[in-house]
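S.K.: Compute the structure for the input listed below.
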Amino acid sequence: MSVAPPFAGLAAASPEVTQWPQRLLLTAVMVVVVALAVYGMWRGWRNRAARQADVPELPSVPDATGPVLASAEGRYVGTVRAGDWLDRIVARGLGAPGRAQVEVSAAGVLFDRDGAPEIFIPASMLTAVNSGKGVAGDVVEREGFAVVSWQLGEVALDTAFRADRAADQRAVMQAAAALVAQPTGGTA
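M.R.: Down below sits the predicted model:
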């Protein structure tokens, strides 16, 4: 008596499960939904930049800034209007967060961002240096961000940075605070 394997006859008679027209339609619908979402985000970013037309042009980086007093590598978080930590400024290229190096010299504070234009804040525009826990929608532990307050024309701004090392962040904050205290520092 010979016994056949339990699933021997099923392989040839198995019905086709895949329904290609429905799968292709579902895939096309998902691609359209994702494309519309990306378009909506892009358009919102552009509209925000247009609403922030009152933000003046950024100061250019001087050829010589002098010796570096303190520096740190970390993350440029963003720039907001002073007092409103949710109002990210996207005009003039200030909106994109990312990796950066901050350098403090006698001339001011320089944020050298990866893949984005440099931001230079002259010492004469600095108004305060503090620590904070929330800027541009990002929240960390208390005193997790170094926040540089400055005056760009008539617009008061706060720019946040988070260093990879806490000691470097403290050194940058102390050096920048010393610039604010100088007679040449303060509001422009």
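
S.K.: can you tell me the average pLDDT over the host helix or strand of Val29?
M.R.: Per DSSP states H and E: Val29 is located in helix 20-51. For helix 20-51, mean pLDDT is 89.

S.K.: If we go by neighbour counts, what in that helix is buried?
M.R.: Using 16 or more other Cβ atoms under 10 Å as the test for burial, helix 20-51 gives Ala49. Quick note: C-beta positions are derived from backbone N, CA and C, even for glycine.

S.K.: do stretch 72-82 as well
M.R.: Neighbour-count burial for stretch 72-82 [16+ other Cβ under 10 Å]: 72, 74-82.

S.K.: now do stretch 114-126
M.R.: Applying 16+ other Cβ under 10 Å to stretch 114-126 flags 116, 119-126 as buried.

S.K.: Tell me the confidence at Asp54?
M.R.: So Asp54 comes in at 79 (pLDDT).

S.K.: so how far is Asp84 from it?
M.R.: Using Cβ to Cβ, to the nearest Å, Asp54 is found at 14 Å from Asp84.

S.K.: what sits against the spatially most central residue of the chain?
M.R.: With distances taken as Cα atoms, centre = their mean, Pro97 lies nearest the centre of the chain, 1.4 Å away. Residues near Pro97 by Cβ atoms under 8 Å, 6 or more residues apart in numbering: 75-78, 136, 138.

S.K.: Do you know the pLDDT at it?
M.R.: pLDDT at Pro97 comes out at 86.

S.K.: Kindly report the same for Pro183.
M.R.: For Pro183, the model assigns a pLDDT of 60.

S.K.: Asp158 too?
M.R.: For Asp158, the predicted pLDDT is 90.

S.K.: Could you report the neighbour count for the closest residue to Lys133 other than its chain neighbours?
M.R.: In space, and not counting its chain neighbours, Lys133 is closest to Arg142: 5.0 Å by Cβ to Cβ, 6 or more residues apart in numbering. For Arg142, the neighbour count with other Cβ atoms under 10 Å is 9.

S.K.: In three-state terms, label Arg142 for me.
M.R.: In the three-state summary, Arg142 is assigned as coil, counting by DSSP: H, G, I helix; E, B strand; the rest coil.

S.K.: Quick check, it in contact with Gly134.
M.R.: No. Arg142 sits out of contact with Gly134 when judged by Cβ atoms under 8 Å, with a separation of 9.8 Å.
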